[in-house]
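Asks: need a 3D model of the sequence below.
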Amino acid sequence: MPNLYKDQFKNVPFGNSIFQITTFGHGQETPERQYRNCLLQLDKKLKALQECKFRRVRLEIDIEELRDKFINENNVYGKRRIEVDIEEKTYCLESEIKLIEDALIEVAVYADILKKLPAFTREEFERAEAKYWKKRLLSDMENEVVSTGHVNHDTIKSLGQIGISVGRNEKGQIAYIEKTTVVEQDKNSGILKLF
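Replies: As a prediction, the model looks like this:
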């Protein structure tokens, strides 16, 4: 039986939507992280496409082999079983099309984002990591304060590892202070910041 919803399936992404990729993509805190995320997602999608290709080739071989078996099968029940096997393999082959279409769209979106970013070396990426983690952890801290009124223990611990101490000021407000560390060695280190 043909897929009754085939046209409807084609019109809605089963993977990530373009909006989702461009708006909520991981690593948008720094260009280096966005670059890395695009490469990771491209790698994942290209691998999925390659795996799909291998599955399709195997299914095509299976179908061809089953058709040959069908011709030589003398038992009526054996022929019926082979017909079912052929139908099942053909269905599996056709269902791969949706995976391929969605993956190709995602590959195009990530490739487009990647074209707009500079290519970073490993050294450039590593140099930008301190800035990324500072920005991300401070953002996590701010979100935790807004949503729960306190900072999660793991966030405080991670901030401490990059040289940022979290506590309360004399008014009882959550505050942080940056020490001279690997995060940013500049004139502003040691300034008290409030949330």
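
Asks: wait, a helix at residue 165?
Replies: No: Residue 165: not assigned to a helix; according to DSSP: H, G, I helix; E, B strand; the rest coil it is strand.

Asks: who's it bridged to?
Replies: Assessed by DSSP bridges, residue 165 has beta-bridge partners residue 177.

Asks: for it, grab the count of nearby residues.
Replies: 12 (other Cβ atoms under 10 Å). C-betas here are computed from N, CA, C, even on glycine.

Asks: so it sits against residue 176, correct?
Replies: Yes: Residue 165 is in contact with residue 176 according to Cβ atoms under 8 Å; the separation is 6.4 Å.

Asks: mind listing the shared neighbours of these two?
Replies: Here residue 165 and residue 176 have residue 159 as joint contacts, going by Cβ atoms under 8 Å, 6 or more residues apart in numbering.

Asks: return the set of buried residues in stretch 131-148.
Replies: Neighbour-count burial for stretch 131-148, counted by 16 or more other Cβ atoms under 10 Å, picks out 132-134, 137-138, 140-141, 144-145.

Asks: again, but for stretch 6-16
Replies: 13, 16.

Asks: quick check: end-to-end length of that stretch?
Replies: 19 Å (Cα to Cα, to the nearest Å).

Asks: what does that stretch contact?
Replies: When contacts are defined by Cβ under 8 Å, 6+ apart, stretch 6-16 is touched by residues 3, 98-99, 101-103, 105-106.

Asks: one more: stretch 69-84?
Replies: 66, 86.

Asks: do that again at 7 Å, thanks
Replies: By Cβ atoms under 7 Å, 6 or more residues apart in numbering, the list of residues contacting stretch 69-84 from outside reads residue 66.

Asks: how far off centre is it?
Replies: Here stretch 69-84 is found 45 Å from its chain centre; the criterion is Cα atoms, centre = their mean, to the nearest Å.

Asks: now the element after the longest helix seen in the chain, going C-ward?
Replies: Across the chain, the longest stretch assigned as helix under DSSP state H is helix 31-72. Downstream of helix 31-72, the next assigned helix or strand under DSSP states H and E is helix 76-115.

Asks: buried residues in that following helix, which are they?
Replies: With burial defined by 16+ other Cβ under 10 Å, the residues of helix 76-115 counted as buried are 82, 85-86, 89, 93, 98-99, 102-103, 105-107, 109-110, 113-114.

Asks: for stretch 29-45, same thing?
Replies: Buried residues in stretch 29-45 (16+ other Cβ under 10 Å): 29-39, 41-42, 45.

Asks: next, the angle helix 76-115 makes with the longest helix of the chain.
Replies: Using axes from the mean of the first three to the mean of the last three Cα atoms, to 10 degrees, the inter-axis angle of helix 31-72 relative to helix 76-115 is 160 degrees.

Asks: if I look at residue 147, how far off is residue 74?
Replies: 71 Å (Cβ to Cβ, to the nearest Å).
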